[in-house]
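Trainee: Fold the following, please.
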Amino acid sequence: MLVKICGLKTVADVEAVKAAGADAMGMVMSDTSVRAIPVEQAAELVRAAAGELKTVLVVHDLSIDDAIAAAKQAGVDVLQLHDYSEADTRKAASVSGMEVWRATSASRGSSVVGAFGEDALLLDAHTPGSGETWDLESLDARPEGHWILAGGLNPDNVGAAIASARPWGVDVSSGVEATRGVKDHERIHRFVAAARAASEAKDSGE
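Mentor: This next block holds a predicted model:
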């Protein structure tokens, strides 16, 4: 089970995510998000990850060329594209040495993993980062392969969400915040612990 904590802004956030035992961390570049950071700051957080976490740059309103350039400058492992076209997604996927994750909502985009040439698919609520939950039953069919569940998750509900949806990974941002855009390190630890426990139960057939 891949566990990703998104919307990190400080080195202290990165250290908390590492200490909690998560697998991946996300950083946002955007003209509108309260969690947005400049590319130089993203590069600093990548250095703080020190190879212990998969690093993900999350974009939704940059041009694809600017997004690719920023991902290269920051030195991330993954470029996560929210609601980009198939052509843009395939262009990013052609870049050597960088994974591409396609993020969309179940109501807006294909829920077939790899439909746009991406390495993994993230299914989010209609408004990413809003903390909104969404109805898993709205999926015509559960995705197969490397797909990540996001949208409205928190330490108290992630276990049930994993048991119900059986995703390859989970992603959280607002669900581990003290205030909007400010991470709560204790909640990060609780989220990762709950996700791990649910994943172990799923794998053991409980």
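Trainee: How about the contacts made by the most centrally placed residue in the chain?
Mentor: Nearest to the mean C-alpha position of the chain, by Cα atoms, centre = their mean, lies residue 171 at 4.6 Å. Counting by Cβ atoms under 8 Å, 6 or more residues apart in numbering, residue 171 touches 4-6, 26, 122, 124, 148-150, 153. The way it works is simple: take the backbone N, C-alpha and C, and place the C-beta from them, glycine included.
Trainee: Just put the residues you listed in JSON lines and tack on secondary structure.
Mentor: Shown next, in JSON lines, are those (DSSP: H, G, I helix; E, B strand; the rest coil):
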{"residue": "4", "secondary structure": "strand"}
{"residue": "5", "secondary structure": "strand"}
{"residue": "6", "secondary structure": "coil"}
{"residue": "26", "secondary structure": "strand"}
{"residue": "122", "secondary structure": "strand"}
{"residue": "124", "secondary structure": "strand"}
{"residue": "148", "secondary structure": "strand"}
{"residue": "149", "secondary structure": "strand"}
{"residue": "150", "secondary structure": "coil"}
{"residue": "153", "secondary structure": "coil"}
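Trainee: related to what we said a few turns ago, where does the residue nearest to the centre of the chain fall, helix, sheet strand or coil?
Mentor: Residue 171 - assigned by three-state DSSP - is strand.
Trainee: Give the buried residues for whichever strand or helix holds residue 197.
Mentor: Assigned by DSSP states H and E, residue 197 falls within helix 185-204. Using 16 or more other Cβ atoms under 10 Å as the test for burial, helix 185-204 gives 185, 187-196, 198-199.
Trainee: what does stretch 40-57 give?
Mentor: For stretch 40-57, by 16+ other Cβ under 10 Å, it's 41-46, 48-49, 53-57.
Trainee: can you check stretch 83-91 too?
Mentor: For stretch 83-91, by 16+ other Cβ under 10 Å, it's 83-84, 88-89, 91.
Trainee: Show me which of those has the smallest pLDDT value.
Mentor: Of all those, residue 83 has the smallest pLDDT value, namely 93.
Trainee: ok, back up a step: now do the helix holding residue 197: everything it contacts.
Mentor: Applying Cβ under 8 Å, 6+ apart, the contact partners of helix 185-204 are 1, 3, 5, 12-13, 16-17, 19-22, 153-156, 158-160, 162-163, 166, 170, 172, 175-178.
Trainee: from the residues you listed, which would you call buried?
Mentor: Listed as buried from the contacts of helix 185-204 are 1, 3, 5, 13, 16-17, 20, 22, 153-155, 158-159, 162, 170, 172, 175-177; burial here means 16+ other Cβ under 10 Å.
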